[in-house]
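Chemist: the sequence and its predicted three-dimensional model are supplied below.
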Amino acid sequence: MIQFFIIVIGIVILVGIFSRRYILVEKGKKPVSHRKDLLKYFHHLFDSPKADEITANEIIPDISTIDPKKISKADSLLKRAEAYFEKGDVKNGEKTLIQSLSLNPACKEIYHQLGLFYLKQGQYGKAEMMYRKLVASREQKSLLSTSDDPAYYSNLGLALYQQNKLAEAKEFYMKAIELDAARAGRIFSLAQIFHELQEFDQALRYFLRAIELDAKNIDYLLTLAQFYHDREMAAEKQKLLDEILLLDADNAMALEMMKGKTT
């Protein structure tokens with residue numbers, strides 16, 4: 001009698017095992033049957049990208065894949081978000097931008113506006129996500145340069161710089177300058193990054209390039225004067241301070257540097 005019950009229990013267990021395997025195969029899932037497969041399975045789980053990361057393959061979809069009605073609604077929400085921001089209502093502005101993006105994830109302008117918003121709010125990680133998506137989409141789709149493209153790269157560089165990711169920030173600022181070398185601010189920012197990376201020759205090169213484009217910018221000139229002071233380039237420092245005082249005879253910082261009070 002005991003043997004009969006053992007046999008019945010064994011049959012039930014076997015039926016359960018084979019039934020489970022059948023269900024897995026029917027659903028297109030391969031059952032994990034070996035330790036090696038089990039480790040591979042968990043490895044796959046651990047390798048999955050985090051929900052808040054933008055991967056190289058997560059590019060902005062083509063506009064042709066979006067329902068025209070959703071595009072129209074998203075455009076209306078984008079205008080509404082702009083109105084909120086004009087009134088200083090940043091909470092509803094952000095919320096409406098996100099709603100607009102959910103309807104039309106192919107709109108580059110929405111990513112750009114969200115990126116700018118997050119930069120202004122000091123939410124640099126979120127800004128990085130927006131601009132990484134724009135940059136990845138541009139590069140993977142081999143798009144021709146548009147007027148906004150350099151801003152995508154430089155704003156990504158700024159978001160990275162604010163998170164102290166200096167090497168990456170340098171890379172994206174350089175790309176922005178390749179696309180548009182006429183913005184003194186971008187060139188000056190790159191010079192500052194080179195300086196913080198202690199790549200002083202490159203820093204000097206880009207400080208000078210920025211001043212070539214904006215020769216009367218006192219902030220640029222004072223920064224370069226401080227650079228000369230730190231590098232003990234006395235003649236270059238003196239010449240530059242003379243130029244600054246011709247532009248602004250009462251500039252307190254330049255006068256202090258002339259007296260050798262800067263540290």
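Modeler: On my side now, so go ahead. Residues are numbered from 1 along each chain as shown.
Chemist: give me the neighbour count for residue 246.
Modeler: If you count neighbours by other Cβ atoms under 10 Å, residue 246 ends up with 8. Just so you know, the C-beta spots here come from the backbone N, C-alpha and C atoms, and that holds for glycine as well.
Chemist: how about the strand or helix carrying it, which residues are buried there?
Modeler: Assigned by DSSP states H and E, residue 246 belongs to helix 234-247. By 16 or more other Cβ atoms under 10 Å, the buried positions in helix 234-247 come out as 237, 240, 241, 244.
Chemist: now do the contacts for the second one.
Modeler: Taking Cβ atoms under 8 Å, 6 or more residues apart in numbering as the criterion, residue 240 is in contact with 221, 224, 225, 228.
Chemist: nearest residue to the last one other than its sequence neighbours?
Modeler: Same thing as residue 228. What sits nearest to residue 228 in space, not counting adjacent residues and going by Cβ to Cβ, 6 or more residues apart in numbering, is residue 237, at 3.7 Å.
Chemist: what ranges do the strands span in the stretch 151-263 of the chain?
Modeler: Assigned strands in the stretch 151-263 of the chain: none (criterion: DSSP state E, counting those that start in this stretch).
Chemist: in it, which spans are helices?
Modeler: Assigned by DSSP state H, counting those that start in this stretch, the stretch 151-263 of the chain shows helices spanning 166-179, 184-196, 200-213, 218-230, 234-247, 252-258.
Chemist: just to revisit the earlier point, pLDDT added to the contacts of residue 240, as TSV?
Modeler: As requested, the contacts of residue 240 are arranged in TSV below (pLDDT from 0 to 100):
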residue	pLDDT
221	96
224	97
225	96
228	96
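Chemist: the nearest residue to residue 171 once chain neighbours are set aside: neighbour count?
Modeler: Sequence neighbours aside, residue 157 is the residue nearest to residue 171 in space, at 7.7 Å (criterion: Cβ to Cβ, 6+ apart). Neighbourhood size, residue 157 [other Cβ under 10 Å]: 28.
Chemist: residue 157 touches residue 167, doesn't it?
Modeler: No: between residue 157 and residue 167 there is no contact, the gap being 11.0 Å when judged by Cβ atoms under 8 Å.
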